[in-house]
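A.B. asks: sequence? don't have it. structure:
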């Protein structure tokens, strides 16, 4: 029997306008020591807010291209928050995915660093849901 591909659901405009709040709701369990997990949860929460704010800025633009980009960035960020379950990964990447540590555009950095992995994931599960 062939596996059914669900695809990545394209978020609604409302989801992108409230990206920070929606992304903060993602609570995928993290693996690592107790100390690592606590630290990584703080970093992940901060990244969700930082990345969410950038998505929100795109979402409220009058430009249709920016709104479309906001949806793609939301899907990417949601994937990253759900897929990266190793506390060490969050700790090792904290400098690049949060503004607190000096990254001027953590969303752009994350997309450049992990976009290929995300695209492979999207292809592997059947592409974008219509």
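C.D. replies: Sure, I can see it. Since the model is a prediction, treat every value here as computed from it, not as a measurement.
A.B. asks: name the element the most centrally placed residue in the chain belongs to?
C.D. replies: The centroid of the chain falls nearest to residue 77 when counting by CA atoms, centre = their mean (1.1 Å). Element membership for residue 77, per DSSP states H and E: helix 64-83.
A.B. asks: where in this structure is pLDDT low?
C.D. replies: The model of the chain has pLDDT under 70 over residues 1-10, 99-107, 122, 124-130.
A.B. asks: quick check: longest helix in it by residues?
C.D. replies: Determined from DSSP state H, the single longest helix within the chain is helix 34-59.
A.B. asks: show me what counts as buried in it.
C.D. replies: Buried residues in helix 34-59, defined by neighbour count with 16 or more other CB atoms under 10 Å: 36-37, 39-40, 43-52, 54-56, 58-59. C-beta: built from backbone N, CA, C; applies to glycine.
A.B. asks: report the angle between it and helix 64-83.
C.D. replies: Taking axes from the mean of the first three to the mean of the last three CA atoms, to 10 degrees, helix 34-59 and helix 64-83 form an angle of 170 degrees between their directions.
A.B. asks: where's helix 34-59 relative to the chain centroid, distance-wise?
C.D. replies: Chain-centre distance of helix 34-59: 9 Å, with CA atoms, centre = their mean, to the nearest Å.
A.B. asks: who does that helix touch, helix- and strand-wise?
C.D. replies: Secondary-structure packing of helix 34-59 (3 or more CB pairs under 8 Å, 6 or more residues apart in numbering; DSSP states H and E): helix 13-17, helix 19-24, helix 64-83, helix 87-92, helix 94-97, helix 106-124.
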